[in-house]
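K.L.:
how would this look folded up:
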Amino acid sequence: MAAGPRYQRIADVLRDAIRDGTYKPGDRLPSHNELADQMHVSITTARNAIQVLVAENLLFTATSRGTIVRSQEVLESVVTNHIRRDRPTSAHDIFSEIARAAGREPAKQFSARMEPAGTEVAHWLGVPKDSWVVSRTVVQYLDNEPWSWEVSYYPRDLAELTGIDSPHDIPEGTTRRLAARGYPETAHRDTVVARPASADEAAVLGVGAGTMLLDHLRIGASSTRIMRVTRQRSLAARNRLAYELGDDEGTALIRKTLGAPHPPGNSHSFGNSLVPGSP
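P.N.:
Next up, the predicted model:
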């Protein structure tokens with residue numbers, strides 16, 4: 001190994017092994033103990049080497065599986081498809097549809113609760129502060145890899161009318177559930193900010209603190225009321241957001257010209273989205 005701190009030299013060896021395909025996305029690396037034995041270093045040195053590559057988003061840690069090689073695939077999300085009039089019906093939400101279209105296996109950790117609206121949520125939903133809202137949280141995974149952390153808030157009366165106050169995941173997604181119960185979303189306002197991950201976000205997404213995230217806030221409405229607000233956080237380096245605006249003919253021409261679903265850059269583009277809308 002080249003000169004430098006031992007942990008950095010070990011990180012260099014592992015990085016090269018990932019880049020040359022010795023370790024592929026989804027593969028488990030040796031444990032800290034195994035790596036320490038192989039490299040004849042302390043467990044602390046082995047752990048520090050792993051953390052270097054976690055910070056570079058080449059690895060993530062899973063409590064039950066150890067240290068895993070992260071996929072480098074970039075997924076493009078067409079975030080305007082949620083309100084397309086010709087959006088097909090489906091028994092699965094958008095995240096599941098796109099994951100399977102990409103040949104990857106989706107999974108979720110879901111929770112729901114009733115809570116008083118904080119200042120920001122009350123402002124976004126246009127409801128009084130401390131009024132009850134339904135919060136639905138989902139951590140989404142692709143091939144067991146943490147992909148995004150999404151939290152959606154709904155006014156209590158709307159959630160109760162449409163069954164979104166359910167403590168269970170809604171397979172078809174909440175956007176379709178709202179529409180099916182007579183409350184279709186017809187407008188969105190999206191705000192997207194790139195910023196460093198907090199310690200909590202880093203822990204949930206399996207990245208190093210300070211990793212750049214896309215913080216995507218979507219407010220959905222009908223012609224008469226605000227329906228929900230969704231905040232999704234995902235890795236900036238692994239996600240690309242696209243907006244398709246205008247008539248169907250022009251949109252179809254753009255898609256044809258770009259040659260979706262495989263544009264340049266070793267990425268996949270889909271006619272649906274991995275962005276907020278279906279917790």
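K.L.:
where in the protein is pLDDT low?
P.N.:
1-3, 81-92, 260-279 (pLDDT under 70).
K.L.:
Helices of that one, residue ranges please.
P.N.:
Taking DSSP state H as the test, the helices found in the chain are 6-19, 32-39, 43-55, 94-101, 119-125, 156-162, 174-180, 199-205, 248-258.
K.L.:
Include distance to residue 228 and mean neighbour count when you put the ones you listed into a markdown table, please.
P.N.:
Where you see a C-beta, it was placed from the backbone N, CA and C, and this is true even at glycine. Shown next, in a markdown table, are the helices of the chain (distance: least, Cβ to Cβ, whole Å; neighbours: other Cβ atoms under 10 Å):
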| stretch | distance to residue 228 | mean neighbour count |
| --- | --- | --- |
| helix 6-19 | 39 | 17 |
| helix 32-39 | 42 | 16 |
| helix 43-55 | 33 | 19 |
| helix 94-101 | 15 | 20 |
| helix 119-125 | 8 | 16 |
| helix 156-162 | 8 | 18 |
| helix 174-180 | 7 | 21 |
| helix 199-205 | 21 | 15 |
| helix 248-258 | 25 | 12 |
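K.L.:
Please report the number of neighbouring residues for residue 169.
P.N.:
17 (other Cβ atoms under 10 Å).
K.L.:
In the sheet, which residues pair with the closest residue to it other than its chain neighbours? Tell me.
P.N.:
Spatial nearest neighbour of residue 169, excluding adjacent residues (Cβ to Cβ, 6 or more residues apart in numbering): residue 110 at 4.4 Å. Residue 110 has these beta-bridge partners by DSSP bridges: residue 138.
K.L.:
contacting residues around residue 110?
P.N.:
136, 137, 138, 168, 169, 279 (Cβ atoms under 8 Å, 6 or more residues apart in numbering).
K.L.:
next one: residue 58
P.N.:
Applying Cβ under 8 Å, 6+ apart, the residues near residue 58 are 15, 18, 69, 70.
K.L.:
repeat that with 6 Å
P.N.:
By Cβ atoms under 6 Å, 6 or more residues apart in numbering, the contact set of residue 58 is 18, 70.
K.L.:
about what we covered before: and the helices of the chain: which comes nearest residue 219?
P.N.:
Among those, the nearest to residue 219 by Cβ to Cβ is helix 119-125 (5.7 Å).
K.L.:
What segments of the stretch 51-200 of the chain are strands?
P.N.:
Secondary structure of the stretch 51-200 of the chain (DSSP state E, counting those that start in this stretch): strands located at 59-62, 66-69, 74-78, 106-116, 132-142, 145-155, 187-196.
K.L.:
Pipe the ones you listed into CSV and attach distance to residue 227 per row.
P.N.:
Shown next, in CSV, are the strands of the stretch 51-200 of the chain (distance: least, Cβ to Cβ, whole Å):
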stretch, distance to residue 227
strand 59-62, 34
strand 66-69, 37
strand 74-78, 20
strand 106-116, 16
strand 132-142, 12
strand 145-155, 7
strand 187-196, 9
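K.L.:
Could you identify which of those is most buried?
P.N.:
strand 145-155 (a mean of 23; mean count of other Cβ atoms under 10 Å).
K.L.:
Pull up the pairing partners for that one, direction included.
P.N.:
Paired strands of strand 145-155, with direction, are strand 132-142 (antiparallel), strand 226-235 (antiparallel) (DSSP bridges).
K.L.:
relative to strand 74-78, how tilted is the last one?
P.N.:
In this case it means strand 226-235. 160 degrees (axes from the mean of the first three to the mean of the last three Cα atoms, to 10 degrees).
K.L.:
Please state the offset of strand 226-235 from the chain centre?
P.N.:
Mean-position distance between strand 226-235 and its chain equals 11 Å (Cα atoms, centre = their mean, to the nearest Å).
K.L.:
got a list of contacts for that strand?
P.N.:
Contacts of strand 226-235 (Cβ under 6 Å, 6+ apart): 124-126, 148-154, 185, 201, 213-221, 276.
K.L.:
still on that earlier bit, farthest-separated two in the contacts of residue 110?
P.N.:
137 and 168 (12.9 Å).
K.L.:
end to end, how far does stretch 100-112 reach?
P.N.:
25 Å (Cα to Cα, to the nearest Å).
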